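Participant: heads up, no residue letters with this:
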Ligand code: HEM
């Protein structure tokens, strides 16, 4: 069997031979042919798989920034080497990028000529009927009485056309081919991959992602300064932020209370929010963990939650040194024991500001050694305990340098209440501080929600290309490519009809398809011919 | 408080393991018997191998196979039949165990490693049994039941956890779909991997035969030749690959709902991607000169090794968003 004229990758399969005396142009050609060959594509794919591995072994800046810091502290020497090789940013590293860029260049270089080729093949007639069918993988024949050659030929063409074959007559035979879709699907798949890559890259420049911790009752306004942190894309400008505001009315949290094996495990988080668009009316919405709020081209995700004790610090004269809900960071998911820092700057004396650091135990229980722990994650009026160390001095809010809100730099500060004699408050309680520092009141404990706000205009485009890729993939893998032939010849009073099929690639159903073709052909003939005289 | 339904489920699962283990013995006996029977067929198969050897090298040609692929006749094999019957019984017990576990938890039974192993191996067995209705793959009975016994044994001993509710981040239809498709894909890849492994043995055998060395694994003469095994492996992995593509996409959609980004190179995402790329490499290898045959079979096995690694090692030892048990804590 000779190679069919449309063997798609014949140009790619022939490994290029290096000629010892190549000119510059030949070298370029040779390089291009090598890069776009199937073998290079395969090696680049495998290289891509291997190159992706280190990023799963070493913590990455993008997905696990804390992990990177821990890794660097644990392995100071090694992490210098890792860093030099961009090992903490594998997926944006030069070597990872080089592999996938080469792969995609190879892909384009491979697909473009195939597109041309396929375009031509689509408009060419099916190939000539082979002279002998017996060498083909599936063939059969029947002698039919009571029909003319013309009738058999017409019926043959009808049957093949209705089975979506493209047909051509060569003498008293019909040649038919189907499955061009297979190659179309393959080309669609590969082209759509390029589309996905471009959409991700170009679209990525227009995205932004911001984080905001919002205690219940407070309002967030979508301005750059309102975010706790904001990661803008390359093409971000202040105008990119759609104006709106969002108030957290309430955050409902349900914990498992019956199943002992999972006591205290969170079952549901629901944030009730009120949003306001310019010129709009306030609207109430619900945000859940897997169910973000879409507003003004952004998506608002509920990614975390915690407690924010509502604290008032009063000076001895009754004036207020600090008041507000202070978000604490949960240190244990199952009990919600949370760590936080309270800074009270307005004491009237910058050298005598008050800084407090300590734990909130939502449902406090005393251990035998006198320390506290939390045994359940929810807050109750009498069980909740706030326990803090108190420092006196400069809390560092005035220096203008951004400070981590969960950290208190106690250097140069004087400890007035330590671990041994901490400031302990239940909800509604007020305690006086020593040293004439005034008093602290725990008014209540609010919940806060940690929101992530995303704007990604390219998502639809990415989804479109992914959809096209899947469509192409399925067609290309599941549509069989077949050629069928029906040959008709007068034999005495009867007509001899021969059927044959040939598949490209693996086609488990070829033999069945040929016998089906024969059956359907008979059904198309005048009644007298339906009973074949003899089957050879 | 132990959930009584979960207890029954565990008992059923242990019974299933025992039945599978007996099925494994039956399949192994069958293989031993094949070995004895094969001597008579050796000459015939040698001739076939010679033909197959000469037809290699064509890639995407519309070519006629050297001989019409003889449909493997479903010979009577009492031991293999027993094996299949036992596997069916094992699968029934196994399915009941999964259903009860789901009932006990009030959700689908694939939310943690224990459940994932339980349902995933069930799907492997079901894919094997269903394939059985169209092809005679009983020679794979021993490796498949062996693998299932091993995986189930490890997971009942090491991964068993009491029934617990789903943390909010895992409450998503996309997750249900994502994991289901991943397990289905794994079922197909398991079968394909087993076929490729046998294909490699077959190739080695015919090499030995060509160089005139004595036959070592005679039973191989009674199962399909390397070419047919390769085609079967390809057809089955194609289904696996399409399912894995959906796994990747459903996972991305879920990630987008849960974490607000569809792709973040989290550890599990990385490994799902690696597996996808390796299998894409396998599909390519089938159309690449010099890689078709042994090379592509090895790639298929490497892909499967990645799947096992992703399940057994990445889930347990690697950190990532997928391994957390509740909502990530606030910044
Ligand atoms: C991003 C990298 C690539 C991926 C993920 C990829 C993936 C795939 C997949 C999954 C298939 C099998 C399904 C189908 O036929 O549509 C396939 C087939 C194919 N690919 Fe790629 N591919 C990539 C790059 C390339 C490159 C660079 C070339 C050319 C050198 C290429 C040429 C082909 C050819 C010719 C086939 C058909 C094979 C056959 O007839 O069985 N691909 N590719």
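Facilitator: Structure's in. What do you need? These figures come from a predicted structure and were not determined experimentally.

Participant: okay, CA-based contacts and neighbour counts for the rest of this
Facilitator: Noted.

Participant: Report the contact partners of residue B:226.
Facilitator: Residue B:226 is in contact with B:199, B:200, B:202, B:203, counting by C-alpha atoms under 8 Å, 6 or more residues apart in numbering or on different chains.

Participant: ok, the first one - how many residues close by?
Facilitator: What that stands for is residue B:199. 26 (other C-alpha atoms under 10 Å in any protein chain shown).

Participant: Run through the helices of the stretch 51-200 of chain B in chain order.
Facilitator: B:78-105, B:113-132, B:141-154, B:173-210 (DSSP state H, counting those that start in this stretch).

Participant: ok so, going back, and of the contacts of residue B:226, the nearest to the ligand?
Facilitator: Using C-alpha to the nearest ligand atom, residue B:199 comes nearest to the ligand of the contacts of residue B:226, at 19.1 Å.

Participant: Domain ranges for chain B, per the record?
Facilitator: Domain ranges of chain B: B:1-57+B:76-163, B:166-331, per automatic domain parsing.

Participant: quick one on the thing from earlier: for the contacts of residue B:226, pick the one with the most neighbours.
Facilitator: The contacts of residue B:226, ranked by neighbours (other C-alpha under 10 Å): first place residue B:199, 26 neighbours.

Participant: And the closest residue to that one other than its chain neighbours, its phi and psi?
Facilitator: Nearest residue to residue B:199 in three dimensions, chain neighbours excluded: residue B:226, at 4.9 Å (C-alpha to C-alpha, 6 or more residues apart in numbering or on different chains). Torsion angles at residue B:226 (phi, psi; degrees, to the nearest 10) stand at phi -60, psi -40.

Participant: From residue A:130, how far off is residue B:226?
Facilitator: When distance is defined by C-alpha to C-alpha, to the nearest Å, residue B:226 is 30 Å away from residue A:130.

Participant: So for residue A:27, which of the domains of chain B sits nearest?
Facilitator: domain B:166-331 (22.6 Å; C-alpha to C-alpha).

Participant: residues touching the closest residue to residue A:481 other than its chain neighbours, list them.
Facilitator: In space, and not counting its chain neighbours, residue A:481 is closest to residue A:179: 4.0 Å by C-alpha to C-alpha, 6+ apart. Residues in contact with residue A:179 (C-alpha under 8 Å, 6+ apart) are A:479, A:480, A:481, A:482.

Participant: Let me see the backbone angles for residue A:179.
Facilitator: phi 100, psi 20.

Participant: Show me where the chain dips below the pLDDT cut-off.
Facilitator: If you meant another chain, say so; for now it's chain A. Residue ranges of chain A with pLDDT under 70: A:1-21, A:333, A:398-404, A:505-506, A:527-536.

Participant: You answered for a different chain; I wanted chain B.
Facilitator: B:1-2, B:37-75, B:215-218, B:316-331.

Participant: now with 80?
Facilitator: Across chain B, the ranges flagged by pLDDT under 80 are B:1-3, B:35-76, B:164-171, B:212-222, B:312-331.

Participant: Can you pull up the most central residue in it?
Facilitator: With distances taken as C-alpha atoms, centre = their mean, residue B:190 lies nearest the centre of chain B, 1.4 Å away.

Participant: quick one: contacts for that one?
Facilitator: The contact partners of residue B:190, by C-alpha under 8 Å, 6+ apart, come to B:124, B:144, B:304.

Participant: Report the entries of those that also contact the ligand.
Facilitator: Here nothing survives when those are matched to the ligand using C-alpha under 6 Å from any ligand atom.

Participant: Against residue B:143, how distant is the residue nearest to the centre of chain B?
Facilitator: 10 Å.

Participant: who touches the residue lying closest to residue A:426 once chain neighbours are set aside in this structure?
Facilitator: Nearest non-adjacent residue to residue A:426, counting by C-alpha to C-alpha, 6+ apart: residue A:385, 5.0 Å away. Shown in contact with residue A:385 (C-alpha under 8 Å, 6+ apart): A:360, A:361, A:362, A:363, A:364, A:424, A:425, A:426, A:427.

Participant: Kindly reformat the contacts of residue B:190 as TSV containing neighbour count.
Facilitator: Rendered in TSV, the data for those read as follows (neighbours: other C-alpha atoms under 10 Å in any protein chain shown):
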residue	neighbour count
B:124	24
B:144	22
B:304	21
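
Participant: Out of those residues, which is nearest to the ligand?
Facilitator: residue B:304 (16.0 Å).

Participant: near the ligand, which residues of the stretch 1-150 of chain A show up?
Facilitator: Near the ligand, when you scan the stretch 1-150 of chain A using C-alpha under 6 Å from any ligand atom, you find A:9, A:36, A:37, A:38, A:41, A:103, A:104, A:106, A:107, A:110.

Participant: quick one: which of those is most hemmed in?
Facilitator: residue A:38 (26 neighbours).

Participant: who's in contact with stretch B:139-147?
Facilitator: By C-alpha under 8 Å, 6+ apart, the residues outside stretch B:139-147 that reach it are B:20-21, B:23-25, B:27-28, B:31, B:80, B:83-84, B:87, B:125, B:128, B:190-191, B:194-195, B:223.

Participant: now with 6 Å?
Facilitator: B:20, B:24, B:27, B:28 (C-alpha atoms under 6 Å, 6 or more residues apart in numbering or on different chains).

Participant: Which of the contacts of residue A:179 fall within strands?
Facilitator: A:481, A:482 (DSSP state E).

Participant: Count the residues that sit near residue B:229.
Facilitator: 23.

Participant: Around the ligand, pick out the residues from the stretch 151-300 of chain B.
Facilitator: Counting by C-alpha under 6 Å from any ligand atom, the stretch 151-300 of chain B comes close to the ligand at B:280, B:283, B:284, B:287.

Participant: try 5 Å this time
Facilitator: B:280, B:287 (C-alpha under 5 Å from any ligand atom).

Participant: Can you tell me which residue of the stretch 151-300 of chain B sits closest to the ligand?
Facilitator: residue B:280 (4.4 Å).

Participant: What is the helix or strand harbouring that residue packed up against?
Facilitator: If you go by DSSP states H and E, residue B:280 is part of helix B:267-285. Judged by 3 or more C-alpha pairs under 6 Å, 6 or more residues apart in numbering or on different chains; DSSP states H and E, helix B:267-285 is in contact with helix A:38-52, helix B:294-309.

Participant: 7 Å - rerun?
Facilitator: With contacts taken as 3 or more C-alpha pairs under 7 Å, 6 or more residues apart in numbering or on different chains; DSSP states H and E, helix B:267-285 sits against helix A:38-52, helix B:226-259, helix B:294-309.

Participant: Can I take it that residue A:500 is in a helix?
Facilitator: No. Per DSSP: H, G, I helix; E, B strand; the rest coil, residue A:500 lies outside any helix segment and is strand.

Participant: Dig out what it forms beta bridges with.
Facilitator: For residue A:500, the beta-bridge partners under DSSP bridges are residue A:139, residue A:485.

Participant: since we're on it, how many residues are nearby?
Facilitator: Neighbour number of residue A:500 under other C-alpha under 10 Å is 29.

Participant: which residues touch it?
Facilitator: A:133, A:136, A:138, A:139, A:140, A:484, A:485, A:486, A:514 (C-alpha atoms under 7 Å, 6 or more residues apart in numbering or on different chains).

Participant: likewise residue A:485?
Facilitator: A:129, A:174, A:175, A:176, A:499, A:500, A:501.

Participant: which SS state does the fourth one fall under?
Facilitator: Using three-state DSSP, the three-state assignment for residue A:176 comes out as strand.

Participant: contacting residues around it?
Facilitator: A:126, A:160, A:165, A:166, A:167, A:168, A:483, A:484, A:485.

Participant: Tell me which of the domains of chain B sits nearest to residue A:46.
Facilitator: Closest to residue A:46 of these is domain B:166-331 (C-alpha to C-alpha; 6.3 Å).
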